[in-house]
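Asker: please work out how this folds:
(2 chains)
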Amino acid sequence: MSDVAFAIAAITAASPAVVAAVVGTLRARVRRRPKAAGSAGETPFVVTNVAGDVVEVRTRGVSAKAIGAPESSEAILAERQGGKLTERESQLLMLLAAGRTNREIAAHLNIAESTARVHVARLMDKVRDGLRERERPGPHRPSRSRSWEEIGESVSTAQEEQEPGAATDK
Amino acid sequence: MKNLTRWHRLSAWLVFSVIVGLLPLGFDLLAHVDSGRHVYSDILSRGQLSLVAVVVAGGSLGEVVLSETVAANRTLKIWTIGSLVVLLALQAGWYADTAARASATPSDFDTHSVVKWTSVAFFATVVAGASAIWLSCLEPE
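Answerer: So this is what the prediction gives:
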């Protein structure tokens, strides 16, 4: 093997490390970028509890409307997550609430179907953990466990009973 | 160590790994200066820069392996480790090949080519090593 070939091989071998550093730096910058409440791309929404009472108003990077999920799913999402889900997981949850399949979610988020499947499985684990926490006795916790469908229905019913615009503040 | 910025750690690595690694060759250069000959060919003709490159790549490899990496950067870390391992093996093999060629056929041995291309590869290794240090300094979430 000639010296030139060795040098070319060395440069080729070095390039992934350089690319990795560049990509890592860019990712770190994206992670650190502050998200100003109410800025472009963030939709304020009302967080309601199961009974439909307004708990607080939040802004997040994603909204049900932005991804074409039903409006009620925002409330369901807020009720379910308790602020413990990441942006991506929230997005996934809303897509699931909209009845999208793994394939559709993958296409929507521009990821592989297998990746979507893994994300959904992790999300469901996290959500189940949240449910278990809710099952424990406490001042503001339901006394019995309910399925997602039950929670969703109760939130939707509560929203319908409220005046338009009370459940979502957009 | 926690208060050190990325630039501090990169500078420390550059000084204590790269420059210190080059010190023996620097002293060799000083010893050859008075001879009036083509000193670089004397000092680097047997692929000595490859040896320093192995040390540099090894140091960076250790840093990146021990670093705490965010989950999102795990793939990048694996890429970097793979890159440095390949560089290490390549430079070590190149040094062995160069040394063997220099001993076997001294008349056909092109020292200028060795000096030129080992320098290029050394520079590539330093850049890869610096990238690895940089990646290892990206703060965990």
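Asker: quick one: name the residues of chain B near chain A.
Answerer: Within chain B, the positions near chain A by CB under 8 Å from any CB of the partner chain are B:53, B:72-73, B:76-77, B:79-80, B:82-84, B:86-87, B:90-91, B:94, B:97-98, B:110, B:113-114, B:116-118, B:120-121, B:124-125, B:127-132, B:134-135, B:138-139, B:141. C-beta coordinates here come from the backbone N, C-alpha and C atoms, glycine included.
Asker: and those residues, which are buried?
Answerer: Buried by 16 or more other CB atoms under 10 Å in any protein chain shown: B:53, B:73, B:76-77, B:79-80, B:83-84, B:86-87, B:90-91, B:94, B:97-98, B:114, B:116-118, B:120-121, B:124-125, B:127-132, B:134-135, B:138, out of those.
Asker: low-confidence stretches in chain B?
Answerer: Filtered on pLDDT under 70, chain B yields the residue ranges B:1-4, B:36-38, B:139-141.
Asker: show me where it has strands.
Answerer: Applying DSSP state E to chain B gives no strands.
Asker: grab the most central residue of chain B for me.
Answerer: Central residue of chain B (CA atoms, centre = their mean): B:A53, 2.3 Å from the mean position.
Asker: list the residues that contact that residue.
Answerer: A:A10, B:L87, B:Q91, B:T118, B:A121, B:F122, B:T125, B:V126 (CB atoms under 8 Å, 6 or more residues apart in numbering or on different chains).
Asker: where's the first one, which helix or strand?
Answerer: Secondary-structure assignment from DSSP states H and E places A:A10 in helix A:3-32.
Asker: which strands or helices does the longest helix along chain B pack on?
Answerer: Ranked by residue count, the top helix of chain B under DSSP state H comes out as helix B:74-104. Contacts defined by 3 or more CB pairs under 8 Å, 6 or more residues apart in numbering or on different chains; DSSP states H and E place helix B:74-104 against helix A:3-32, helix B:48-66, helix B:111-137.
Asker: let me have these in JSON lines, adding distance to B:A12 as columns.
Answerer: Output for the helices and strands packed on helix B:74-104, formatted as JSON lines (distance: least, CB to CB, whole Å):
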{"stretch": "helix A:3-32", "distance to B:A12": "17"}
{"stretch": "helix B:48-66", "distance to B:A12": "10"}
{"stretch": "helix B:111-137", "distance to B:A12": "9"}
